[in-house]
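> Below is the sequence, then the predicted model.
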Amino acid sequence: MSARDSSLSLSSAPVAPGAAQPYVQAAGTTRTLHFSEKVIQSRMSTLNPDALDLEYTRMMMGFVLFAPEPADILMVGLGGGSLAKFCHRYLARSRIEVVEIDPAVIALREAFMVPSDSDRFRVVQADGADHVRGLREAADVLLLDGFDDAGIPDALCSADFYADCHRALRDDGILVINFHVNHPLHHEYLDRVRAAFGSAMFEVVDDDMTNSIVFACKGDLLDDPAAADLKRPAAIAKDAWRQLMPTLRVIGATRELK
């Protein structure tokens, strides 16, 4: 398969003027999603397509320490569908909605083996900020991983947007955000989250000092002492817990230091 195999880089759907077209690269059993050669947006092993191959995705799943069985999960940003696939497989009682603005990204869902829409899983082509703005107490977990070729769109990192996220969550709902830790406005973004959620938040940075994962809660669930036990909840399969456990230890230790 070539770096821009037409069977995977397909999309006749319209995109914003000047927007970089997503494409798939394949090397052996690995597929990666790109907007440019410089940055990998998502990575999948065809031998284990539901696994979380990139560390930051395992970090984002840290919400299971506090909410192991959410009824409704909302995701902003599909990418290669890593988080969507993992949640679909291992959180079998959860309803999952993924909002993706770029139809060209959605067109690649089959290349990354993203499940078909069903009663408990669907991908919606919409502006994430607009979608969240219209919700009230609709989600137990909200995962923000919305990037384009230039980074996080302004609409997905504004103070107003984080206030909308707070309103979209149910009581004790958890917001999880993927940031680039070296972005010049990173600390300002954290202040905007704090303005919406108060002190009920903490940050975990990956080993490469690239991704900053922020957890914020509409309530005091992040202070639950039981989370420090790192005991596998009955709702989480052993296979899933085994994948997540090394990262969950880091999250647990970081939470204790906050």
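Arrived safely. Numbers count the residues shown, from 1 in each chain.
> what does the host helix or strand of Gly252 contact?
Assigned by DSSP states H and E, Gly252 falls within helix 238-257. Helix 238-257 has contacts (C-beta atoms under 8 Å, 6 or more residues apart in numbering) with 51-52, 55, 58-59, 61-62, 64-65, 86, 89-90, 202-204, 215, 222, 227-228, 230, 232. All C-beta atoms are positioned from the backbone trio N, CA, C, and that covers glycine.
> Are any of the residues you listed buried, and if so which?
Burial by neighbour count, judged by 16 or more other C-beta atoms under 10 Å, picks out 51-52, 55, 58-59, 61-62, 64-65, 86, 90, 202-204, 215, 222, 227, 232 from the contacts of helix 238-257.
> So which of the residues you listed belong to helices?
Residues of the buried ones among the contacts of helix 238-257 located in helices (DSSP state H): 55, 58-59, 86, 90.
> Show me where this structure has its strands.
Secondary structure of the chain by DSSP state E: the strands cover 23-27, 30-34, 40-45, 72-76, 95-100, 121-125, 139-144, 169-180, 201-205, 211-217.
> want to try JSON lines for those strands, with distance to Met113 and mean pLDDT as columns?
Below are the strands of the chain laid out as JSON lines (distance: least, C-beta to C-beta, whole Å; pLDDT from 0 to 100):
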{"stretch": "strand 23-27", "distance to Met113": "12", "mean pLDDT": "95"}
{"stretch": "strand 30-34", "distance to Met113": "9", "mean pLDDT": "95"}
{"stretch": "strand 40-45", "distance to Met113": "7", "mean pLDDT": "94"}
{"stretch": "strand 72-76", "distance to Met113": "17", "mean pLDDT": "99"}
{"stretch": "strand 95-100", "distance to Met113": "14", "mean pLDDT": "98"}
{"stretch": "strand 121-125", "distance to Met113": "13", "mean pLDDT": "98"}
{"stretch": "strand 139-144", "distance to Met113": "19", "mean pLDDT": "99"}
{"stretch": "strand 169-180", "distance to Met113": "21", "mean pLDDT": "98"}
{"stretch": "strand 201-205", "distance to Met113": "28", "mean pLDDT": "96"}
{"stretch": "strand 211-217", "distance to Met113": "23", "mean pLDDT": "97"}
